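Engineer: Structure of the sequence below:
(2 chains)
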Protein chains: 2
Amino acid sequence: MKLIFAEVITIGDEILYGQITDTNTKWISENLDKIGIKTKRKSSVGDDRNEILSILNESLQRADIVLITGGLGPTKDDITKKTLAGFFDDHLVINPHAEAFIRQFFEKRGREFTEINRQQAAIPSRCTYLHNATGTAPGMWFEKDGKIIVSMPGVPVEMHYLMENEVLPRLKKRFELPEIIHQVVRTIGLGESFLAEKISEWEDSLPENLKLAYLPSFGEVKLRITGVDFDYKKLRNQIDDEVKKLVPIINDFIYSTDNENIEEVIGKLLIQKNQKVSVAESCTGGYLSHLFTSIPGSSAYFMGGIVSYSNEAKMEVLKVKQETLTKFGAVSEETVKEMAIGAKNLLKTDYAISTSGIAGPDGGTPEKPVGTVWLAVTDGTETLTKKLTLGNQRLVNIQYSGKAALNLLRSMINKESR
Amino acid sequence: MKLIFAEVITIGDEILYGQITDTNTKWISENLDKIGIKTKRKSSVGDDRNEILSILNESLQRADIVLITGGLGPTKDDITKKTLAGFFDDHLVINPHAEAFIRQFFEKRGREFTEINRQQAAIPSRCTYLHNATGTAPGMWFEKDGKIIVSMPGVPVEMHYLMENEVLPRLKKRFELPEIIHQVVRTIGLGESFLAEKISEWEDSLPENLKLAYLPSFGEVKLRITGVDFDYKKLRNQIDDEVKKLVPIINDFIYSTDNENIEEVIGKLLIQKNQKVSVAESCTGGYLSHLFTSIPGSSAYFMGGIVSYSNEAKMEVLKVKQETLTKFGAVSEETVKEMAIGAKNLLKTDYAISTSGIAGPDGGTPEKPVGTVWLAVTDGTETLTKKLTLGNQRLVNIQYSGKAALNLLRSMINKESR
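Structural biologist: Next up, the predicted model:
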C-alpha cells in the first residue's frame, strides 16, 4: 500500500509569538487523514521571506503535498504570495475571475473597491486559481516535479471553504488513496474511565485493523473508531458490525452514532414530534439559546429564550416568586423550576429548560461554591432537575452547563417516547 | 542587538494526525516572548526516531534554544528519551531523585510501583535533571556547543510546571535578554484594506525597530505594534508616542489601545457611568447575551435579554406591534426599533440593543437576501439603527452581528459622554 504524505505549513508572526492558537494545522491534518493522506510534519514560520523559502524547500523534499496557510492579507506585512511567485520563478498577474468576485464582494457590502483590494486578485501567472467564496484572498494550486503545493488564507472559515470545495476534491482525484473511515459515537453523562471499563471487553475484541480513541470534552466523550482499507464496502460493513455490538452496552449514554452534536439531535427529535421549546437562562447567559440557534432551521422549534440575569428579570418576566428567591436564593432547585415553568407559560412551548448557577470565577459562598449549577426541564406536567458541581472556570462552566441542560431535555423527550 | 532565538518541537502521532489541538507550542512561545526570546520556528513530528533526529539537527542549526515536548510516556510508542540519549551519544541511567519521587507518587495514590514506572526515572547520564512535581516524566536539560536543548512531557499542566519552575528561570539567567513589547490597538467598523489606506502614512513613518501587523476577525481589526530593545523605558516611550500619533487618525474606529475586547470595554464604561443594559435578540439568538455574560461581573450592568426567535415572542414579550411585523417584516428597521424599546421598557435599563436578520444559510428573499441584518440601540430618547449586509455563513453572521451590535452601543455611550 503506497501511502501519500503531506506537510502543513502555517505562516504568520502571530502564531510564532504565541498570540493565537493555530487551529488550522489540526483541521487540515484531520481532514487529510479522512481521505487517506498522512501528515508527515507540521511547521510554523514567521512572515519572513527566507524562512518561507527554506521551509518550502525542506517540505518538498519529504512530502508529496505541501499545504500552506496564512500571509495572504492585503497589507504590507503579508508576503506569502510574492514569496511564492519568487519560489516558482513567476510573476503576479490579476486573475479576472478573482477580480470580478472581489469587486462584487465589496460592492455587495456597499464598500469601495480600491486598488489595494484589486491587488488581492493578483496571483502567480502559472498557478491554478482556487475560488474562495468566503473572502477576498484566493487559494493557489501549484505543481512542481509531480508534487503539489497549495496556498490558502489563514482565516479558518476561508481555509475550510477552500479545503472542502477545492483542495480535498482535487487531491482525491490526483492520487490513488485508501479509504479511511472514522465512525464517531457520541456519549454524554459518563466519565472517560468509567466508559472505558464498561466497554473494555468490546474494545479488546475489536479487529486488528480498527483503532479506538476516546475524545472527552465538557462532559461528553466521543468514541472514534478508525479503519483504513482500499475496499470501502468491506470496511464499512466491519465498522457497522462493531457499532451494532457497542450500542446495547452503553445505550443510555449514546446520543448519536453518527457524530451529530446534541443540539442537532434534539432539533431532529423536536421536528419529528412537531414540538417546541423555550429556555430561561441565568448562569448560561444566552449560551444555551446560542446552542439552539446555531443550528440552521432552528426557528421551527426554538421559540425563544429569556436571559434573566437579574432577580428583577426572573420575577417580572418569568414570574418567579419573590418569596422563592428570598428563601432559597437564585441558585436553587426551587428557582430553576419556577424559571422553567415561567418560560413555558410565557412562550407557550411544549418544553422549557432553565439554568441558574455561579459561573465564577468569583461569587461563591461556603454553601454554594463557584461551579454550583441547577438545571431544570419541564413539560408542564413533570419537571426534572439536576445539580452540577463544576470548577471555577467561567467559560467552561457556561459551556458545560449548556450541554448538560440539553441532555436533560433529551432525557425527557426520550422518556416520553417510550 | 544580539537576539536569542528558540525553536519549539512537539512530538506525537496524535498531533500529526489532527486528533488533538497542540496548545503547547502557543503557550511556550507566548511565554518565551515575554522574557525576550523570539521563536523562530515551530515543528511537529511523529513518534519516529529518524524524524526526531532530523528536526533536532535542523533546529539546532537555526536557534540557540530548542524546547521539545512529548513522547516521554512509559509505553513503547514513546521514544523521545532513547532518541535523545542516542543523539548526545549518551546512555540512560536511573536518576535517584526522580526514582524516589516517582515511587512516592505511586504509593501516595495507592498504586503499585512497577519496573515500567521505575524506568520513568531513567534519563541520559550527562543531562541536568529537571524536577516535575506534577507527573512521572522528569524534564531534561542538555547543553551542546553553547546551545540549550530541553525535553519536557507533552501533558500541558506538566509542561507548564516545568517551564515556570525550571526552564524559564534558567533561561533568564543563562542569556542576556532584551525587552519585547506588543501593543495591540483594537479597531472595529473599518475593513483591513481601508484601515491600511487611512494609516499608511503613519505606518511608513514607523521607526525601523517597530513592526506593525493587521489581525482581522469578524469586522474587527487588531493593529499590533511590536518592538524589541534592551532599554525598556526607551521602548515603552517610543511605542506610546506612536500610539498617540495613531489615535487621532482613526479615533472613531478604535475601541481599545490596550487589547481589551469590546465586551470588556463596554462593561467598564457602564460600570463607570453606573448604567445598565438589556438586549432583544432575533438573529444573534443568544450570542449577544453570551458576549455580555462571558465577562466576570457582568451581572452588575447586564440585566438580561429576550431571545425572541418567533414573531409571538416579539409581540408577547417585547410588545412589537403586529402591524409592524406584517407591514415591514421581522427583519426591518421598524421591527428592531420596537424590539429595542420593548426590551428597555421590560427590563428597565438605560440602554437596550436589538438584532434581527437572516443568519442563513437559507431563508433569504430577493429583497432581503441571507446576510441582511438590522441592529438598533436605544436610550429611550434616541434610537440608532444600522443595516449589515453579510454573507451566507450562519455562525459568521451571528458572531459578526453580535460584535457590530456592541459597537453600536459603544457609539451611543460615547456620543452621550461628549
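Engineer: all helices of the stretch 201-350 of chain A, in order?
Structural biologist: A:232-246, A:262-273, A:287-293, A:311-316, A:322-328, A:333-347 (DSSP state H, counting those that start in this stretch).
Engineer: List the buried residues in the shortest one.
Structural biologist: Read it as helix A:311-316. The neighbour-count check on helix A:311-316 (16 or more other Cβ atoms under 10 Å in any protein chain shown) flags A:311, A:313-316 as buried. Where you see a C-beta, it was placed from the backbone N, CA and C, and this is true even at glycine.
Engineer: again with the fifth one
Structural biologist: By neighbour count, and taking 16+ other Cβ under 10 Å as the criterion, the buried residues in helix A:322-328 are A:324-325, A:328.
Engineer: Ok, the last one next?
Structural biologist: Using 16+ other Cβ under 10 Å as the burial criterion, the residues of helix A:333-347 that qualify are A:333-344, A:346-347.
Engineer: Quick one: mean pLDDT for that helix?
Structural biologist: Averaging pLDDT along helix A:333-347 yields 98.
Engineer: So which elements touch the helix or strand harbouring A:G402?
Structural biologist: A:G402 belongs to helix A:394-417 when assigned by DSSP states H and E. Contact here means 3 or more Cβ pairs under 8 Å, 6 or more residues apart in numbering or on different chains; DSSP states H and E; on that basis helix A:394-417 packs against strand A:179-188, helix A:262-273, helix A:287-293, strand A:351-357, strand A:372-378, strand A:383-389.
Engineer: what's the offset of it from the middle of its chain?
Structural biologist: 18 Å (Cα atoms, centre = their mean, to the nearest Å).
Engineer: again, but for stretch A:40-48
Structural biologist: 24 Å.
Engineer: Next one: that stretch, is it in contact with chain B?
Structural biologist: Yes. Stretch A:40-48 is in contact with chain B by Cβ under 8 Å from any Cβ of the partner chain, via A:40-47.
Engineer: cool, and stretch A:253-268?
Structural biologist: No. Between stretch A:253-268 and chain B, judged by Cβ under 8 Å from any Cβ, nothing touches; the nearest distance is 11.4 Å.
Engineer: could you dump that stretch to PDB, C-alpha only?
Structural biologist: Output in PDB follows, covering the C-alpha atoms of stretch A:253-268 (Å, rounded to 0.1, in the frame of the first residue of the first chain):
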ATOM      1  CA  PHE A 253     -25.300   7.300  27.300                       C
ATOM      2  CA  ILE A 254     -25.200   7.300  23.500                       C
ATOM      3  CA  TYR A 255     -27.000  10.200  21.800                       C
ATOM      4  CA  SER A 256     -25.500   9.900  18.300                       C
ATOM      5  CA  THR A 257     -23.800   7.000  16.500                       C
ATOM      6  CA  ASP A 258     -23.100   9.400  13.600                       C
ATOM      7  CA  ASN A 259     -21.200  12.300  15.100                       C
ATOM      8  CA  GLU A 260     -24.100  14.700  15.400                       C
ATOM      9  CA  ASN A 261     -23.900  17.200  18.200                       C
ATOM     10  CA  ILE A 262     -26.600  17.200  20.800                       C
ATOM     11  CA  GLU A 263     -28.300  20.400  19.600                       C
ATOM     12  CA  GLU A 264     -28.800  18.700  16.200                       C
ATOM     13  CA  VAL A 265     -30.100  15.500  17.700                       C
ATOM     14  CA  ILE A 266     -32.600  17.500  19.800                       C
ATOM     15  CA  GLY A 267     -33.600  19.600  16.800                       C
ATOM     16  CA  LYS A 268     -34.400  16.400  14.800                       C
END
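Engineer: Buried residues in it, which are they?
Structural biologist: Residues A:253-257, A:261-267 are the ones in stretch A:253-268 that count as buried (16+ other Cβ under 10 Å).
Engineer: for those residues, which one is nearest B:I102?
Structural biologist: A:F253 (34.8 Å; Cβ to Cβ).
Engineer: Quickly note the distance from the closest residue to the closest one other than its chain neighbours to chain B.
Structural biologist: Ranked by Cβ to Cβ, 6 or more residues apart in numbering or on different chains and with sequence neighbours excluded, the top spatial neighbour of A:F253 is A:T187, at 4.3 Å. A:T187 sits 18 Å away from chain B, going by Cβ to the nearest Cβ, to the nearest Å.
Engineer: is A:T187 in a bridge, and if so with what?
Structural biologist: A:V221, A:I254 (DSSP bridges).
Engineer: ok, now which residue in chain A is the farthest from the centroid?
Structural biologist: A:E323 (42.0 Å; Cα atoms, centre = their mean).
Engineer: hang on, the earlier thing: report the rounded mean pLDDT for the helix holding A:G402.
Structural biologist: 92.
Engineer: in it, what's buried?
Structural biologist: Buried positions in helix A:394-417, judged by neighbour count with 16+ other Cβ under 10 Å: A:394, A:397-413.
Engineer: for stretch A:343-361, same thing?
Structural biologist: Of all the residues in stretch A:343-361, those buried under the rule 16+ other Cβ under 10 Å are A:343-344, A:346-347, A:349-360.
Engineer: Equivalent analysis for stretch A:121-130, please.
Structural biologist: In terms of neighbour count (16+ other Cβ under 10 Å), stretch A:121-130 has its buried residues at A:121-124, A:127, A:129-130.
Engineer: Stretch A:77-93 now?
Structural biologist: A:77-85, A:87-88, A:92.
Engineer: Pull the distance from it to the chain's centre.
Structural biologist: Centroid displacement of stretch A:77-93 relative to its chain, using Cα atoms, centre = their mean, is 33 Å.
Engineer: Alright, calling it a day.
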